[in-house]
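Trainee: coords below, sequence missing:
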Ligand code: PLP
């Protein structure tokens with residue numbers, strides 16, 4: 001093995017801080033694990049049944065690259081109903097939301113092109129951008145994690161190709177206001193920058209209805225998926241919709257990379273799309289409320305309105321110091337620097353059972369008083 005076989009760009013890609021905590025969990029006895037961004041409930045029965053049926057009916061071969069027409073039509077009809085007057089919007093099914101993001105960035109970026117992302121950001125964004133040959137330009141959103149659109153305008157250069165916005169957001173749980181999304185969408189349109197909207201947590205909005213920037217900018221490219229709302233993280237199904245011309249390029253690239261989204265899961269996706277998630281979301285809202293009311297007297301937190309994360313400031317030490325101490329106390333959480341240039345916060349995922357959440361709250365309250 002020769003070290004020069006490894007591409008230079010891999011040096012910029014570190015093993016995810018989440019993976020590290022994940023690996024640590026394997027060595028702890030019965031840890032309180034609030035580190036994983038994955039729903040705690042099993043895939044609902046009708047979706048499992050549909051997947052099993054698809055296997056038994058021998059739907060195990062390649063599908064058309066863009067995805068099976070039944071599911072594409074179903075999703076696209078709902079998108080068109082929600083956002084009428086966008087006849088040019090097309091959709092493809094992808095291998096997870098991540099698969100869609102990779103395809104899009106590869107189709108859009110020339111070497112050295114810039115993509116604006118917001119700090120704290122979803123861990124994968126900078127790496128997807130590097131992989132696609134681009135450069136991340138980071139706009140800071142501390143301390144309240146709101147987007148200052150004037151800062152975004154100032155960060156745009158002649159090399160700016162895209163902006164990635166994620167609402168509800170991982171890791172903060174923040175849901176951006178309709179006004180912010182409107183101003184961002186209009187700025188992108190005015191400056192001829194592609195707005196990419198990662199809406200994978202769309203179902204998890206607790207304090208108001210979900211808003212998408214596509215209402216204000218019909219060229220917005222949307223990424224979404226089945227992982228979070230239906231607990232289907234390992235099944236790898238997502239979709240992207242946007243301007244037809246761009247989607248056609250993504251389909252072309254998918255043909256020569258992922259080929260298609262997993263076939264049986266596309267069939268299960270039809271059952272998932274019809275599945276009512278009201279109870280799931282109500283349960284997570286209750287967990288959010290429980291966490292906020294149990295921690296807000298001892299932690300500085302921006303009450304999260306969506307997703308299933310909270311991003312409190314550490315009451316003492318850096319994010320890394322605090323997380324190391326939490327792990328010594330059998331609690332797994334993620335240091336903020338995994339998602340950020342700052343090492344001042346930590347991420348809690350409350351996508352866990354109530355019993356696990358209560359154990360976590362007890363340890364967190366004890367740690368705050370240290
Ligand atoms: N986007 C965000 C903001 C996420 O948090 C995640 C998963 O954690 C993804 C995309 C990837 O989702 P998928 O499992 O559909 O690839």
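Mentor: Sure thing, it's come through. Please read these numbers as outputs of a predicted model, since none were measured by experiment. Numbers count the residues shown, from 1 in each chain.
Trainee: only C-alpha atoms for contact and neighbour calcs from this point on.
Mentor: Will do.
Trainee: Apart from its chain neighbours, what residue comes closest to residue 95?
Mentor: residue 261 (4.5 Å; CA to CA, 6 or more residues apart in numbering).
Trainee: what's near enough to touch the one you found?
Mentor: Taking CA atoms under 8 Å, 6 or more residues apart in numbering as the contact definition, residue 261 lies against 63, 65, 67, 93-96, 236-238.
Trainee: Go again with 10 Å.
Mentor: 62-68, 92-96, 99, 235-239, 254 (CA atoms under 10 Å, 6 or more residues apart in numbering).
Trainee: Could you do residue 327 as well?
Mentor: So residue 327 contacts 21, 24-25, 28, 31-33, 333-334 (CA under 10 Å, 6+ apart).
Trainee: what's the distance between it and residue 334?
Mentor: Taking CA to CA, to the nearest Å as the measure, residue 327 falls 10 Å from residue 334.
Trainee: who touches both of those two?
Mentor: With CA under 10 Å, 6+ apart as the test, residue 327 and residue 334 both reach residue 21.
Trainee: What residues does the stretch 101-250 of the chain have near the ligand?
Mentor: 122, 170, 198, 200, 225, 227, 233, 238 (CA under 6 Å from any ligand atom).
Trainee: Any idea how many residues pack against the fifth one?
Mentor: What it means is residue 225. 28 (other CA atoms under 10 Å).
Trainee: Could you do the second one as well?
Mentor: Residue 170 is surrounded by 25 other residues when neighbours are defined as other CA under 10 Å.
Trainee: Tell me which helix or strand it sits in.
Mentor: Assigned by DSSP states H and E, residue 170 belongs to no helix or strand.
Trainee: Wait, it touches residue 202, no?
Mentor: No. Contact criterion CA atoms under 10 Å: residue 170 and residue 202 do not qualify, at 11.6 Å.
Trainee: Mutual contacts of the two, please.
Mentor: With CA under 10 Å, 6+ apart as the test, residue 170 and residue 202 both reach 306-307.
Trainee: which residues does residue 356 contact?
Mentor: 31-34, 350.
Trainee: Distance from the chain centre to the lengthiest helix in the chain, please.
Mentor: What stands out as the longest helix in the chain, according to DSSP state H, is helix 278-295. Put simply, helix 278-295 sits 19 Å off its chain's centre (CA atoms, centre = their mean, to the nearest Å).
Trainee: Now restrict the contacts of residue 356 to buried residues only.
Mentor: When the contacts of residue 356 are checked for burial by 16 or more other CA atoms under 10 Å, the buried set is 31-34, 350.
Trainee: Please flag which of those residues sit within strands.
Mentor: 32-33 (DSSP state E).
Trainee: would a markdown table of the buried ones among the contacts of residue 356 with pLDDT and distance to the ligand be doable?
Mentor: Output for the buried ones among the contacts of residue 356, formatted as a markdown table (pLDDT from 0 to 100; distance: CA to the nearest ligand atom, whole Å):
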| residue | pLDDT | distance to the ligand |
| --- | --- | --- |
| 31 | 93 | 21 |
| 32 | 95 | 19 |
| 33 | 94 | 16 |
| 34 | 96 | 14 |
| 350 | 98 | 13 |
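Trainee: which of the buried ones among the contacts of residue 356 lies closest to residue 319?
Mentor: Nearest to residue 319 among the buried ones among the contacts of residue 356: residue 34, at 15.1 Å, using CA to CA.
Trainee: What residues of stretch 110-122 count as buried?
Mentor: 112-122.
Trainee: Please read the previous query as pertaining to stretch 156-168.
Mentor: Applying 16+ other CA under 10 Å to stretch 156-168 flags 156, 160-168 as buried.
Trainee: same question, stretch 200-217
Mentor: 200-206, 210-217.
Trainee: Might you quantify the distance of that stretch from its chain's geometric centre?
Mentor: 13 Å.
Trainee: domain assignment for this protein?
Mentor: Here the domain parsing of the chain from automatic domain parsing is 3-43+277-368, 61-273.
Trainee: would you list every one of the strands in this protein?
Mentor: 32-33, 89-94, 114-119, 135-140, 160-166, 194-198, 221-225, 238-243, 309-310, 331-332, 334-335, 346-349.
Trainee: closest one to residue 359 among those?
Mentor: Taking the strands of the chain one by one with CA to CA, strand 32-33 is closest: 6.8 Å.
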